[in-house]
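> Predicted structure and sequence below. I'll ask about it afterward.
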Amino acid sequence: MGFVNLPAPLSIIIPTLNAAPLLAATTAALMEGVEMGLVRELVISDGGSRDETRDAARELGAVWISGPAGRGGQLARGANKALSPWFLFLHADTHLAPGWAGAVLSHMNAAPDKAACFRLAFRSDAPAARRVAAWANWRTQALGLPYGDQGLLIARRVYEGIGGYRDQPLMEDVEIARALNGRLTMLPVEARTSAERYEREGWLRRGGANLLTLARYRLGARPDRLARQYHGGD
C-alpha cells in the first residue's frame, strides 16, 4: 500500500539524506494512519541523497522535494510543500509504535492549540538505552524540550504562527521548542529510534557529547560549526 493524496488532515514530513535503507521500515509503521484515513500524504524533503532514496520515495507514492542538506531547512521546505492542516515531522530512522494514529487523532480533537511529541525509546536492549530514553522523556515533560527523534505533531496555523523551523543544520528542534513556549504535550505512544550511533560511540560518550553540544549552543555557538563537529567533520 502506498501513500496517496486523500482528503485527510495529516501530512507526514520526513527529512532524508542517503536514507534509502531506512524508509521501508519507517513508513511501514505509518500505514495504520493511512488505513484510518488520517494521512493525506508523505512528504520526503531530501538534502541531496546519492543513494536510491528518490526511488524509494517514488515507490511509496511520496511527494518529493530536494534542496541543500541541513535538517532545519529540509523540514521547513517540507512544510512549505505540504497540503494538510496538520503536520507530523518525523526522522527517517524513527518507527512509531502501534496505536500512534489513535493518539494523534485524539490530540488533534482535544488540544489543537498545542503541539505534541512521542515518548522516546531506542531499538536496543541495552540498560543504557532505557536510561537515556528516560532522561529524554523527563526533559520533555519538565523542560518542554524534546529531541527531534520524538517527532513533532503540530497544526499548520500554530506552526506558521511561531515562524516554523529555522533553516539551520542543527538544534532546529531546540529552536522550535523554544518558540512553542510550553505549548507542547507528550503522547502516550513510543517513537522507537535507532541506537546505532550510541552503540558505535558508546552511550556515555554520545550522551555527554549531546549535552555539551546543547550547552554550547545555549552559550551562543554557531549551529553550522556545531553541526560539523556533531557529524565528525571538524
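Looks like it arrived, so ask away.
> Point out where the protein drops to low pLDDT.
Judged against pLDDT under 70, the low-scoring parts of the chain cover residues 1-6, 232-234.
> center of it, which residue is that?
residue 90 (3.0 Å; Cα atoms, centre = their mean).
> Pretty sure that one sits against residue 13.
Yes: applying Cβ atoms under 8 Å, one finds residue 90 in contact with residue 13, separated by 7.2 Å. No exception for glycine: its C-beta is placed from N, CA and C like everyone else's.
> Could you look up the SS state of residue 108?
Using DSSP: H, G, I helix; E, B strand; the rest coil, the structure places residue 108 in helix.
> ok, it to residue 71 distance?
Distance, residue 108 to residue 71, by Cβ to Cβ, to the nearest Å: 25 Å.
> what do you get for residue 81?
Residue 81 sits 16 Å away from residue 71, taking Cβ to Cβ as the criterion.
> Same check on residue 170?
7 Å.
> picking up where we left off before, for residue 81 and residue 71, indicate the residue with more neighbours.
Taking other Cβ atoms under 10 Å, residue 81 and residue 71 do not tie; residue 71 has more neighbours (23 against 16).
> pretty sure the more buried one is touching residue 166, no?
No: distance between residue 71 and residue 166: 10.3 Å, which falls outside the contact criterion (Cβ under 8 Å).
> Give me the common contacts of the two.
Shared contacts of residue 71 and residue 166 (Cβ atoms under 8 Å, 6 or more residues apart in numbering): residue 172.
> The residue nearest to the centre of the chain: what's it in contact with?
By Cβ under 8 Å, 6+ apart, the contact list for residue 90 reads 12, 13, 14, 26, 96, 151, 191.
> helix/strand/coil for the first one?
Reducing the assignment at residue 12 to three states with three-state DSSP gives strand.
> Name the SS class of residue 116, please.
Assigned by three-state DSSP, the conformation of residue 116 is strand.
> beta partners of it?
For residue 116, the beta-bridge partners under DSSP bridges are residue 153, residue 185.
> Give the burial count for it, as a bare number.
Close neighbours of residue 116, defined as other Cβ under 10 Å, add up to 23.
> quick one: contacts for residue 150?
So residue 150 contacts 117, 118, 119, 120, 136, 140, 186, 191 (Cβ under 8 Å, 6+ apart).
> now swap in residue 30 and tell me
Residues near residue 30 by Cβ under 8 Å, 6+ apart: 12, 39, 42, 96.
> From residue 50, how far off is the last one?
Residue 96 sits 27 Å away from residue 50, taking Cβ to Cβ as the criterion.
> When the two are compared, which one has more neighbours?
When neighbours are counted by other Cβ under 10 Å, residue 96 comes out ahead of the other of residue 96 and residue 50, with 24 against 8.
> Skipping adjacent residues, who's closest to that one in space?
Of all residues beyond its chain neighbours, the one nearest residue 96 is residue 29 (4.9 Å), with distances taken as Cβ to Cβ, 6 or more residues apart in numbering.
> which ones are touching that neighbour?
Residue 29 is in contact with 95, 96, 97, 100, counting by Cβ under 8 Å, 6+ apart.
> Now, of those, which are buried?
95, 96, 100 (16 or more other Cβ atoms under 10 Å).
> which of those lies closest to residue 124?
Nearest to residue 124 out of these is residue 95 (Cβ to Cβ; 12.7 Å).
> what's the neighbour count on the closest residue to residue 39 other than its chain neighbours?
Nearest non-adjacent residue to residue 39, counting by Cβ to Cβ, 6+ apart: residue 33, 4.3 Å away. Residues lying near residue 33 (other Cβ under 10 Å) number 23.
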